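Participant: what's the 3D shape of this:
(2 chains)
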Amino acid sequence: DAKTTQPPSMDCAEGRAANLPCNHSTISGNEYVYWYRQIHSQGPQYIIHGLKNNETNEMASLIITEDRKSSTLILPHATLRDTAVYYCIVRVMSNTGKLIFGQGTTLQVKP
Amino acid sequence: DGGITQSPKYLFRKEGQNVTLSCEQNLNHDAMYWYRQDPGQGLRLIYYSQIVNDFQKGDIAEGYSVSREKKESFPLTVTSAQKNPTAFYLCASIGTGMWSTEAFFGQGTRLTVV
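Facilitator: Numbering: from 1, shown residues only, chains lettered A, B, ... in the order given. Below is the predicted model:
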């Protein structure tokens, strides 16, 4: 049921930018792209979301392609504490129906 | 502070026993969710509820039951019919309306069958 596909794992050097891709080729016009991350044995944490414009907050930037079929989460200066599983999901903002998570990407930040 | 609370953090159960996991939120959210997570795996949806006194099965509902008698509470019962209940269980909630953006998660309950 997951509407997104992500690489299973990625590595990043500490201090460098981490770019995490997500494909959502069947996204509907009213569906937003959301990113969460889960640090080991904790509940997932919200990072950022967007519809079609690029978004930035204190944690990350979200770049959505013009056709909205893919997006990239950017952690500008990765630290060891950013090591986590990152989930990309799509949903209608006001819809509280099924909320489906895929397998996510395990990001390993290395010293 | 508003939030979502799961209890207990760790739970041990003997085979053949039912056990109930608690999930409480004071965020005034309408929708609540239960997920199961196995080691090295993503989150799989067990049940969800969009409104009080109503709930729907997720992808892996067999062997589980829920109730939603109050907006704040969405307890999950793991029954003896669940063949492999040892897992990490996560509860989440989302508000409704245009300004309800992200899902809030509890810190999880780790259930072990002994």
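Participant: C-alpha from now on. contacts and neighbour counts both.
Facilitator: OK.
Participant: bridging residues for the residue nearest to residue A:44 when sequence neighbours are not counted?
Facilitator: Excluding the flanking residues, the one nearest residue A:44 by CA to CA, 6 or more residues apart in numbering or on different chains is residue A:38, at 4.3 Å. Here residue A:38 sits in beta bridges with residue A:85, going by DSSP bridges.
Participant: and residue A:38, how close does it get to residue B:110?
Facilitator: Here residue A:38 is placed at a distance of 15 Å from residue B:110 (CA to CA, to the nearest Å).
Participant: and the residue located most distally from the centre of chain A, what pLDDT?
Facilitator: Within chain A, residue A:111 marks the point farthest from the mean C-alpha position, 22.4 Å out by CA atoms, centre = their mean. Note for residue A:111: predicted pLDDT of 95.
Participant: which ones are touching it?
Facilitator: Taking CA atoms under 8 Å, 6 or more residues apart in numbering or on different chains, we find residue A:111 in contact with A:13, A:14, A:80.
Participant: what's the PyMOL line that selects buried ones from those residues?
Facilitator: The buried residues among these can be selected in PyMOL (16 or more other CA atoms under 10 Å in any protein chain shown) with this line:
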select buried, chain A and resi 14
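Participant: closest one of the contacts of residue A:111 to chain B?
Facilitator: residue A:80 (19.5 Å; CA to the nearest CA).
Participant: I figured that closest one hits residue A:109, correct?
Facilitator: Yes. Assessed by CA atoms under 8 Å, residue A:80 is found in contact with residue A:109 at 5.3 Å.
Participant: residues near the residue nearest to residue A:44, how many?
Facilitator: Counted with other CA atoms under 10 Å in any protein chain shown, the neighbours of residue A:38 add up to 19.
Participant: next up, the contacts around it.
Facilitator: So residue A:38 contacts A:44, A:45, A:84, A:85, A:86, A:87 (CA under 8 Å, 6+ apart).
Participant: likewise for residue A:43?
Facilitator: B:90, B:105, B:106, B:107, B:108.
Participant: how about the third one, what does it touch?
Facilitator: What it means is residue B:106. Per CA under 8 Å, 6+ apart, neighbours of residue B:106: A:43, B:3, B:4, B:5, B:6, B:23, B:90, B:91, B:92.
Participant: need phi/psi at the second one.
Facilitator: Here the main-chain torsion angles of residue B:3 (degrees, to the nearest 10) amount to phi -180, psi -170.
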